[in-house]
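>>> 3D, please:
(chains A and B)
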Amino acid sequence: MKCLVFAEIKNGKIKKGSLECLSEGRRLGAEVTAVVAGGANAKDLAGTLGKYGASKVLVASAEWLENWNGEAVTRITKAAADAVSADVIFISATLDGKDLAPRLAAALDSGLAADVTEVTNEDGRLVITRPVYAGKTYLKLKLTGSTQVVSVRPNTFAVEEADGDAAVEDMSLDFGEGDLRAKVTAVEAAASEKPDLTEAERIVSGGRGLKGPEHFKLLEDLADEIGATVGASRAVVDAGWRGHGDQVGQTGKTVSPNLYIAAGISGAIQHLAGMSTSKCIVAINKDAEAPIFKIADYGIVGDLFEVVPRLTEEIKKLKA
Amino acid sequence: MRIIVCIKAVPDTNASLKVGPDNKTINPQGVKFVMSPYDAVACSKAVELKGDGELVAVSTGKKGGEADAGKRIKDALALGADRGVYIPDDADHRDSLGVAKALAAAIKAQDGFDLVLFGRQAVDTQALAVGPMVAQLLDIPFVMDVMDLQIADGKATVKRSAEGRTETLEVPLPAAFSAQRGLAEERYAKLKDILKAKKKKVEDFAFEFPESTVEVVEMTPPPERKAGTVLTNGADDVPELLRLLQEEAKSLSF
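Alright, predicted model coming up:
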């Protein structure tokens, strides 16, 4: 099986989700090629991918590729897929990955399995599992065409390091910056350095129980202690306490962290739908009957205004 | 200016869904279907932008029954779309590429267009696939997760909500965009709009779907989580919670 992995560069590093895809390609027994698009650092980063599973890396490197451009990476990845006759293409379903995957699938006249949480190999045909209806049910499916394009939910596969060197090859492109139609004219960095919710390994999330936007500071303090990103329920986003980008749920972001702490969130179906694949769920709520306790692995029934600061305090002590 | 908005009929997010007896689809009985919420945002924006132009609502899906796509087109007409195009499709599962090909064909059959709007994702399949696929098939530029959209002089200026950043892009028309929440104030149809909508035209567009790129093996309920440990002494239980998270769950280490 020939597997192509799009290795996404962000903030000078290859995304962990892309490394997961490389390792999975290797575990599936495929011949794994990575494709990397970026600026001056692309080649150096490409050189690090051998130990994660790539035997070859195709690199498109140019100053104008430093900023994400969906059209550009689609053309580059398609060229790479054609060059290696890829049977399977893995893309980590980061926000930018979600921009690339469907465009690429259509460009290859191929089906797409998006935001996938499990993959097994049945004689070269992947059997794929993905949540639908925001996780209220799961779908098992196969892609029927000659190229199987799959975007993988971050934090799904394990990253494995092993000895291995990848041969790095420069790609020559049949297009240039002038051919790109949508042009980025400004980029405003987000205030927070924390990982996006959809890739965060830890999330501390708040709901109406916080009683007001100013109290989110309690969650931010806790989040800072454990390196978590702060999320929110729909209710507080609708109330204007937090931005749309913070919303976890069926009409917000679907997250899959190792640890999800929900404070003052009752656990409406739509919220649960957005975080039910979290590996460990902790609920803090003063209502013992809150639905969130039904899916939580651990819970404290109590006043979050006492529990959360105490949690932050105790963690500080453990770290000292 | 002609604007196209693509919409999808989906189960209401409040619905509690069960896998049907065929183990491949949800049981639609008693499930309320609505226009997918992000599509409603796209539609609201399109109505705001259209001015003297025309807004065409396009949808594909089942005819009749709870999941009827035609009803959702009527919702779009009530929000302010001028006419509708409906592509009938009986399939229980339609692959994203198939949907995209149908929509692209129907859009091409309109007498030119300037803008195609989608919701960022349908809240049932959540693949975020159809919008960008349609744009790729129509060979027009596409930007996802648009939170701001201005049109002037044959160009769109958009703000995209991306990872760790907000991008401003300039995009020549015709172009396609997917709406993120916040792109428009959601409109709600008043009774008079709903009545006016009854007079608006909805045309069928026949499309022969290609063979599906997806084969559904089965649909199952979500994996069960075993019952959790609930501590009931409030803040006094914090040390015990931390012990469990470190030793049992191994979710934290210091």
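>>> show me what the least confident helix or strand in chain A by mean pLDDT packs onto, helices and strands only.
The helix or strand of chain A with the lowest confidence, counting by mean pLDDT, DSSP states H and E, is helix A:269-275 at a mean of 89. Counting contacts by 3 or more CB pairs under 8 Å, 6 or more residues apart in numbering or on different chains; DSSP states H and E, helix A:269-275 is packed against helix A:292-295. Yep, even glycine has a C-beta here, placed from its N, CA and C like the rest.
>>> convert the helix it packs on to PDB, retaining C-alpha atoms only.
Provided in PDB are the C-alpha atoms of helix A:292-295 (Å, rounded to 0.1, in the frame of the first residue of the first chain):
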ATOM      1  CA  ILE A 292     -22.800  15.600  32.500                       C
ATOM      2  CA  PHE A 293     -22.200  13.300  35.500                       C
ATOM      3  CA  LYS A 294     -23.500  10.400  33.400                       C
ATOM      4  CA  ILE A 295     -20.600  10.500  31.000                       C
END
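>>> tell me the first helix or strand C-terminal of that helix.
Moving toward the C-terminus from helix A:292-295, the next helix or strand (DSSP states H and E) is strand A:298-301.
>>> mind pulling up the pLDDT for residue A:59?
Looking at residue A:59, its pLDDT stands at 98.
>>> quick revisit: neighbouring strands of the next helix or strand after the least confident helix or strand of chain A in the sheet, and parallel or not?
In the C-terminal direction, the helix or strand that comes right after helix A:269-275 (DSSP H and E) is strand A:280-285. Strand A:280-285 sits in its sheet next to strand A:259-263 (parallel), strand A:298-301 (parallel), going by DSSP bridges.
>>> could you export these as CSV, including mean neighbour count and mean pLDDT?
Shown next, in CSV, are these (neighbours: other CB atoms under 10 Å in any protein chain shown; pLDDT from 0 to 100):
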stretch, mean neighbour count, mean pLDDT
strand A:259-263, 28, 98
strand A:298-301, 25, 97
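>>> could you redo these as CSV and give each row distance to residue A:58?
Output for these, formatted as CSV (distance: least, CB to CB, whole Å):
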stretch, distance to residue A:58
strand A:259-263, 36
strand A:298-301, 45
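>>> who wins for proximity to residue B:92 among those strands?
strand A:259-263 (32.6 Å; CB to CB).
>>> what's around the closest residue to residue B:27 other than its chain neighbours, how many residues?
Leaving aside its sequence neighbours, residue B:27 sits nearest to residue B:20 (CB to CB, 6 or more residues apart in numbering or on different chains; 3.9 Å). Counted with other CB atoms under 10 Å in any protein chain shown, residues neighbouring residue B:20 total 15.
>>> shouldn't residue B:20 be in contact with residue B:92?
No. Residue B:20 is beyond contact range of residue B:92, at 9.2 Å (criterion: CB atoms under 8 Å).
>>> mind checking pLDDT for residue 83?
You didn't pick a chain, so chain A it is. What the model reports for residue A:83 is a pLDDT of 97.
>>> please go with chain B instead
For residue B:83, pLDDT reads 98.
>>> mind listing what the residue in the stretch 201-320 of chain A that chain B sits nearest to touches?
Proximity of the stretch 201-320 of chain A to chain B (CB to the nearest CB) peaks at residue A:302, 2.7 Å away. Contacts for residue A:302 (CB atoms under 8 Å, 6 or more residues apart in numbering or on different chains) come out as A:284, A:286, B:232, B:233, B:234, B:235, B:237.
>>> need phi/psi at residue A:230.
Dihedral angles of residue A:230 (phi, psi; degrees, to the nearest 10) stand at phi -90, psi 130.
>>> ends of stretch A:196-211, how far apart?
24 Å (CA to CA, to the nearest Å).
>>> which residue ranges of chain B form helices?
Applying DSSP state H to chain B gives helices spanning B:37-50, B:69-79, B:96-108, B:130-138, B:191-197, B:238-243.
>>> winner for burial among these?
Comparing the helices of chain B by mean neighbour count (mean count of other CB atoms under 10 Å in any protein chain shown), helix B:130-138 comes out on top with a mean of 27.
>>> ok and it relative to helix B:37-50, angle-wise?
60 degrees (axes from the mean of the first three to the mean of the last three CA atoms, to 10 degrees).
>>> name the helices or strands packed onto helix B:130-138?
With contacts defined as 3+ CB pairs under 8 Å, 6+ apart, the packing partners of helix B:130-138 are helix A:95-107, strand B:2-6, helix B:96-108, strand B:115-119, strand B:142-152, strand B:175-179.
>>> before I go, just wanted to say thanks for your time.
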